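In: Predicted model and sequence follow; I will ask about them next.
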Amino acid sequence: MTVLPLAVAALPRLDRFASASRRLPPWLVSWLQVCPLAFVLVVLFALPTLLFVVVSFWDYDRTGIYPAFVLDNYRDLLTTPATIRVYLSSLVFAVIAWAITLFLGFNIAHFLIFHVRSAAVRTLLFLLCAIPFWTSGIIRTIAWIPFLGRNGAFNQIVMGLGLTSKPLDFLLFSSFAVIVTYVNLFTLLMVGPIANSMAKIDPALIEAARDAGASRWRIMVEVIIPLSKTGIALGSILVFTQVMGDFFVVKQMSGGQSASIVSTLATEIQAMQYPPAAASAVVLVIFVALMVAGMMRIVDVRKELVK
Amino acid sequence: MIRLVAQRATDGAAVEPRFDVELVAVTKRYDQTLAVDAISLRIPRASYCCLLGPSGCGKTSTLRMIAGHEAVTDGDILIRDRNVTDLPTARRGTAMMFQNYALFPHLNCLDNVAFSLKMRGIGKAERYVRAREFLELVEMGEFALRLPAQLSGGQQQRIALARSLITEPRVLLLDEPLSALDPFLRVRMREELKRLQRELGITFIHVTHSQDEAMALADLMVVMDQGHIRQAGTPRQIFEAPASVFIARFIGGHNVLPTPSGLVAVRADRCRISQAGNGAQFSGQVVAVEYQGPVVRVALQMQSGEQAAALLPDNTYFATPVQPGDPATLVWSEADAHPVAVS
């Protein structure tokens, strides 16, 4: 007992010596760990965003842009009927593409997770789904043109089978073509998160539901859909933001019949009218953020992701 | 509970079946491996049946075939004289309690328990009243609105129990129901399962790899190994006369000893340590002494190489204590030795 306090008193000093020579103070460690991501976010996200918010209030004419604080850019944008029209048409595209990719994505994910028994086959099928992503979206978009065109493969098949005498014109350079391309490009964005949610469902839950007398349909509605809602929400956000931010697909596939939010913005950039383009971007970001916030209200993705 | 009794009474209006469950040469084959090899078993009315065996012995496959979660490769399953072999799960009159309870994580306890009633199209008000009755039965009434993740393992199990009992099954199937609980809780839940089974008057089939659990609970204990039933009977019948070396070793508390007339099993608590004896005996050396409270376990290494043990009442041991390294002789009375088959 008499020796012990002495030994204990010696310990903290030794410990402090060791930490001073080898370790940084804990607060500094935390800051250093946060640094890389903070740097990326600030330099590549926060600063550019701040920049176009600032520029959106600037004045401009045919020769240049001038630092100022005017609301004209926003007034012009929000009072032009074309803005409403283009937002509406993008929204319609987004909703249709969302509904189709959700239907396809949910069913593909369900098949991969619950019907494919072997893990090897499942991995192989996932890879097959991902193969189109080995090429860029632009190439995949353009690749539809020879297929859907007036003298394209599809029309040749349909006419060859005698189903129609004249080539179908609505296939290409139409809203139909835009939707087809969106579905092709974005279905995998639905499949991934939904399959991820479904893979976390304990198979015993499905047996328990069957034990309780649930039909296949009821199992789907009562167990699988509620437990996949995080994936559904994530996939929906991905598809929705992609469609709202698209301009290439609409430009290529609609044949100039539809405009997109970004295409009007791109026109302004080409005309070097940066302040109205920046205002347009701010409005688009706010619009999409509000839509995503709405989806997050239905499903708290963050809460679900922590589980 | 009243309803369950009433249902039984109407069933019995015809000819009262003698058995709740009958397995007739039931076989399960996965690709080339034989999981269950033509087993036959009759489980009398309202009994607590334990399927006991090491992992991979086919006990869980058997349970899942009775539940209808696994297709039968060959043979028939009868529940109360009705062939259910090809019936869907929900129409067999069975309910299953899963090993990790399989509670629906997105539903609160009340909705979990009411789930099967919802599937039967029973209205919200009525199914909640019934579900609350069953929550009270397992003493979980106050937790009705909690989510499963907010409950302890023991509480989750009670909810799982209520959820399976609300379907008013004729046979409740329990897949290792106690294995996820800590030892203290396990003993308490064990008592409770037995009480429920007695009160409800239905058959419980309980899969376990713990012989303690099976001995404590079972009216009918079925020891399985490699897809076969090795022995079935009351725990006492099996403990007092294990049929084979495997059973004697698996249920524990036995010494398997080679004698001139063949292998015999002798209960360790019927063996004594002595310098010399009159009955059958083996001499060897003490290798370990364990004080276990009411008994002291003395482990011996025989000269012939076998291990054996004697469970001595503490006062017997302390009258003539031995230490590891001491020479000792294991003695038992011929009447306590049971010949056993080799496998």
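Out: Here it is on my side, so go on.

In: And the top helix by length along chain B, what does it pack against?
Out: Scanning chain B for the helix with the most residues, using DSSP state H, yields helix B:183-200. Contact analysis of helix B:183-200 by 3 or more CB pairs under 8 Å, 6 or more residues apart in numbering or on different chains; DSSP states H and E lists helix B:153-165, strand B:203-208, helix B:211-217 as its packing neighbours. C-beta coordinates here come from the backbone N, C-alpha and C atoms, glycine included.

In: I'm curious whether the first one, anywhere along its length, sits up against chain A.
Out: Yes. Helix B:153-165 comes into contact with chain A (CB under 8 Å from any CB of the partner chain), by way of B:Arg163, B:Ser164.

In: Just the C-alpha atoms of stretch A:263-273, please, in CSV.
Out: Output for stretch A:263-273, consisting of C-alpha atoms alone and laid out as CSV, is shown next (Å, rounded to 0.1, in the frame of the first residue of the first chain):
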residue,chain,number,x,y,z
SER,A,263,-30.5,23.9,-72.8
THR,A,264,-31.8,27.5,-72.4
LEU,A,265,-29.1,28.0,-69.8
ALA,A,266,-26.5,26.7,-72.3
THR,A,267,-27.7,29.1,-75.0
GLU,A,268,-27.1,32.0,-72.6
ILE,A,269,-23.6,30.8,-71.8
GLN,A,270,-22.8,30.5,-75.5
ALA,A,271,-23.9,34.1,-75.8
MET,A,272,-21.6,35.0,-72.9
GLN,A,273,-24.6,36.2,-70.9
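
In: So which residues make contact with that stretch?
Out: Under the criterion CB atoms under 8 Å, 6 or more residues apart in numbering or on different chains, residues A:60, A:65, A:82-83, A:86, A:247, A:250-251, A:274, A:276-277, A:280-281, A:284 lie in contact with stretch A:263-273.

In: Make a ChimeraX selection of the buried ones in the residues you listed.
Out: Buried residues within the contacts of stretch A:263-273, as defined by 16 or more other CB atoms under 10 Å in any protein chain shown, are selected in ChimeraX through the command that follows:
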select /A:60,83,86,247,250,251,274,276,277,280,281,284
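
In: Out of the contacts of stretch A:263-273, list just those in helices.
Out: Among these, the ones falling in helices (DSSP H) are A:Ala82, A:Thr83, A:Val86, A:Val250, A:Lys251, A:Tyr274, A:Pro276, A:Ala277, A:Ser280, A:Ala281, A:Leu284.

In: Verify the contact between the second one and A:Leu77 for me.
Out: This points to A:Thr83. Yes. A:Thr83 is within contact range of A:Leu77, at 5.6 Å (criterion: CB atoms under 8 Å).

In: returning to what we had before: got TSV for the ones in helices among the contacts of stretch A:263-273, with pLDDT and distance to B:Val72 too?
Out: Below are those laid out as TSV (pLDDT from 0 to 100; distance: CB to CB, whole Å):
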residue	pLDDT	distance to B:Val72
A:Ala82	86	69
A:Thr83	87	67
A:Val86	89	63
A:Val250	87	58
A:Lys251	86	61
A:Tyr274	89	74
A:Pro276	90	73
A:Ala277	91	70
A:Ser280	90	67
A:Ala281	92	65
A:Leu284	92	61
